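In: Quick one, fold the following:
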Amino acid sequence: MTSAAETVSAYIQELPAERKKAIEQLRKAIKKNLPKGFVEEMSYGMIGYVVPHKLYPAGYHCNPKLPLPFISLASQKNFIAVYHMALYTGSLLDWFLKEWHKEFDKKPDMGKSCLRFKKPEEIPFELIGKLAGKLTPEHWIKEYERMYKK
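Out: Numbering: from 1, shown residues only. Here you go, the predicted model:
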C-alpha cells in the first residue's frame, strides 16, 4: 500500500500503532548504519533511502526525474516490507542469508529485493541495519549500472 504522505513524519503518523514502532525501529537501524551520501525521503509512497541527483544525475532508469532508489520501508496490507535494491546484485545475498541463519532456523520470507515481515517482533533490526551499511552510494551506483543499465 502506497501512501500519499509527503514527509516521512507524516507517513509514520498515519501507521497503525502496532506498525509504527517497528517502522521507527527499522528507520533508526538503517539511519545508524547507512553510509554517508544516501538521502532519506518519501519515494514511491514509502520511506526511501536514495542516491540523490547531485551524486548520480542520471537518476533511476525507470524515471530519470527520480533519484536512484536503494532501500525502502513500507507498511503493506499484510506485512512490513524492506525493499533493498542491491540484494540480488552480487554476494550481498549470500552474506545476508548466512547472517539470517545465525538468528533463524527458517528461510526468510523474501522476493526479488523484498523482505517481508508479518510479525513485527520477528524483524531482525540489527541485521537490517548491517545490511543497510554494506554499500556506499558509489558502490551501489557501480552495481546498479552493471545490472540495470544497458
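In: okay, the most centrally placed residue in the chain: pLDDT?
Out: For the chain, Ile71 is the residue whose C-alpha lies nearest the centre (CA atoms, centre = their mean; 2.4 Å). Predicted confidence (pLDDT) for Ile71: 97.
In: How about it: what's its closest non-neighbour residue?
Out: Closest residue to Ile71 apart from its sequence neighbours, by CB to CB, 6 or more residues apart in numbering: Tyr49 at 4.4 Å. C-betas here are computed from N, CA, C, even on glycine.
In: what helices or strands is whichever strand or helix holds the one you found leaning on?
Out: Applying DSSP states H and E as the criterion places Tyr49 in strand 46-51. When contacts are defined as 3 or more CB pairs under 8 Å, 6 or more residues apart in numbering; DSSP states H and E, strand 46-51 sits against helix 8-13, helix 17-33, strand 39-43, strand 68-75, helix 137-148.
In: Minimum distance to Gly129: which of these has it?
Out: helix 17-33 (3.4 Å; CB to CB).
In: what pLDDT, on average, does the closest one get?
Out: In this model, helix 17-33 carries a mean pLDDT of 96.
In: what's the angle from it to strand 46-51?
Out: Computed by axes from the mean of the first three to the mean of the last three CA atoms, to 10 degrees, the angle separating helix 17-33 from strand 46-51 equals 10 degrees.
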